[in-house]
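K.L.:
Fold the stuff below for me.
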Amino acid sequence: MSAVAEEPRMVKSAQRALVVLEVLADAKGLIPVTELHRRTGFPRSSLHQLLHTMIAMHWVEPSADGTSVRLASRALLVGTSYLDADQALPYAVHTLEEIREDTGYTVHYARLDGSHVLYLATRETTEPHRATSRVGRRLPAYATALGKALLAELTAAEADTLLPSGPLTALTERTVTDRDTFARELRETRERGYAVEHEQNTRGIGCVSVTVPYRIPATDAISCSMPLADAETAEATAKVATVLQEHTRRLAARLRAEGIR
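P.N.:
From the prediction side, this is the model:
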């Protein structure tokens, strides 16, 4: 029997444990057990049994009074192992450091993960306007320059299948939630060779992003986070895009030469 079947059958207990982990990850801190019950919809007795097991295995940590829970150390160890196993990442991190040196901005490396982008590495600027590190975070692809750069690698039909089936949720008042407007942004991204966004996921910050073309279609991209005043200046945006394009081409060539696909 193969490890992964073509049509995987869900094991209820395993599925529930993973749902709990995802809810706790989204909570970003302690969450009352009552709220966890509300979000998961699991039977109360089953949830409590599951939490007891996850606490004993150090996946979940209870509050002092036992009424709330959060992720524990085992989640960090597994997440770190994922990064350690990524062959492209050491080369990407070196590239991020070079881009930060050339631009003075915070730089991110991310990968398309379904309808989201998963942040794998960040190198932060030391300037006061620095953006917050996002390693391990997932954001909707439609609300990030990284996601737009990667979705622009696909046909319009392919990109549309990766968008949420329902309405696009706004992360800020400037998030593009109209599908026709988003499709136009992807066309513009293809034409100019890089993606941009202004305050679509973080207020006061704009981003420029370029794909790393070592795979076809590209799965990875690099972005620079810029203060909004810089990001809305065409000259500054074009300058950063040129730096990104030069470095991503070199990175892709190095990855291909090393046999990393």
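
K.L.:
Which helix or strand contains Leu139?
P.N.:
strand 138-140 (DSSP states H and E).

K.L.:
try Tyr109
P.N.:
strand 106-113.

K.L.:
How about the contacts made by Glu97?
P.N.:
By Cβ atoms under 8 Å, 6 or more residues apart in numbering, the residues touching Glu97 are Arg123. All C-beta atoms are positioned from the backbone trio N, CA, C, and that covers glycine.

K.L.:
circling back to that earlier point, kindly export the strand holding Tyr109 (C-alpha atoms) in PDB.
P.N.:
Extracted C-alpha coordinates of strand 106-113, given in PDB (Å, rounded to 0.1, in the frame of the first residue of the first chain):
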ATOM      1  CA  THR A 106      13.200  44.500   4.300                       C
ATOM      2  CA  VAL A 107      13.300  41.500   1.900                       C
ATOM      3  CA  HIS A 108      11.000  38.400   1.900                       C
ATOM      4  CA  TYR A 109      11.300  35.000   0.200                       C
ATOM      5  CA  ALA A 110       8.000  33.100  -0.200                       C
ATOM      6  CA  ARG A 111       6.400  30.200  -2.000                       C
ATOM      7  CA  LEU A 112       3.000  29.700  -3.500                       C
ATOM      8  CA  ASP A 113       1.000  27.400  -1.300                       C
END
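
K.L.:
Each with direction, which strands does that strand pair with?
P.N.:
Using DSSP bridges, the strands paired with strand 106-113 in its sheet are strand 116-123 (antiparallel), strand 220-227 (antiparallel).

K.L.:
what separates Val243 from Arg137, distance-wise?
P.N.:
Using Cβ to Cβ, to the nearest Å, Val243 is found at 24 Å from Arg137.

K.L.:
Can I take it that Gly166 is in a strand?
P.N.:
No. Assignment of Gly166 by DSSP: H, G, I helix; E, B strand; the rest coil gives coil, placing it outside any strand.

K.L.:
Count the neighbours of it for me.
P.N.:
Gly166 is flanked by 6 other residues according to other Cβ atoms under 10 Å.

K.L.:
Low-confidence ranges, the stretch 1-150 of the chain, go.
P.N.:
Within the stretch 1-150 of the chain, the segments meeting pLDDT under 70 span 1-8, 127-133.

K.L.:
and what of the stretch 151-261 of the chain?
P.N.:
Looking at the stretch 151-261 of the chain by pLDDT under 70, you get an empty list.

K.L.:
Do a quick rundown of the helices in the stretch 1-150 of the chain.
P.N.:
Taking DSSP state H, counting those that start in this stretch, the helices of the stretch 1-150 of the chain run over residues 12-27, 33-40, 44-56, 73-84, 89-103, 145-151.

K.L.:
so of the ones you listed, which one's packed in deepest?
P.N.:
helix 145-151 (a mean of 30; mean count of other Cβ atoms under 10 Å).

K.L.:
picking that back up, show me what the strand holding Leu139 pairs with in its sheet, parallel or antiparallel.
P.N.:
strand 116-123 (antiparallel).

K.L.:
tell me the angle the partner strand makes with helix 73-84.
P.N.:
Put simply, strand 116-123 runs at 80 degrees to helix 73-84, going by axes from the mean of the first three to the mean of the last three Cα atoms, to 10 degrees.

K.L.:
Alpha carbons only: can I get strand 116-123 in PDB?
P.N.:
This file holds the C-alpha atoms of strand 116-123, laid out as PDB (Å, rounded to 0.1, in the frame of the first residue of the first chain):
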ATOM      1  CA  HIS A 116      -1.800  31.600  -0.300                       C
ATOM      2  CA  VAL A 117       1.900  32.600  -0.100                       C
ATOM      3  CA  LEU A 118       4.000  31.000   2.600                       C
ATOM      4  CA  TYR A 119       6.900  33.200   3.900                       C
ATOM      5  CA  LEU A 120      10.100  31.100   4.200                       C
ATOM      6  CA  ALA A 121      12.700  33.700   4.900                       C
ATOM      7  CA  THR A 122      13.100  37.400   5.800                       C
ATOM      8  CA  ARG A 123      16.000  39.800   6.100                       C
END
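
K.L.:
what's the angle from that strand to helix 89-103?
P.N.:
70 degrees.

K.L.:
and strand 116-123, how far from the chain's centre?
P.N.:
5 Å (Cα atoms, centre = their mean, to the nearest Å).
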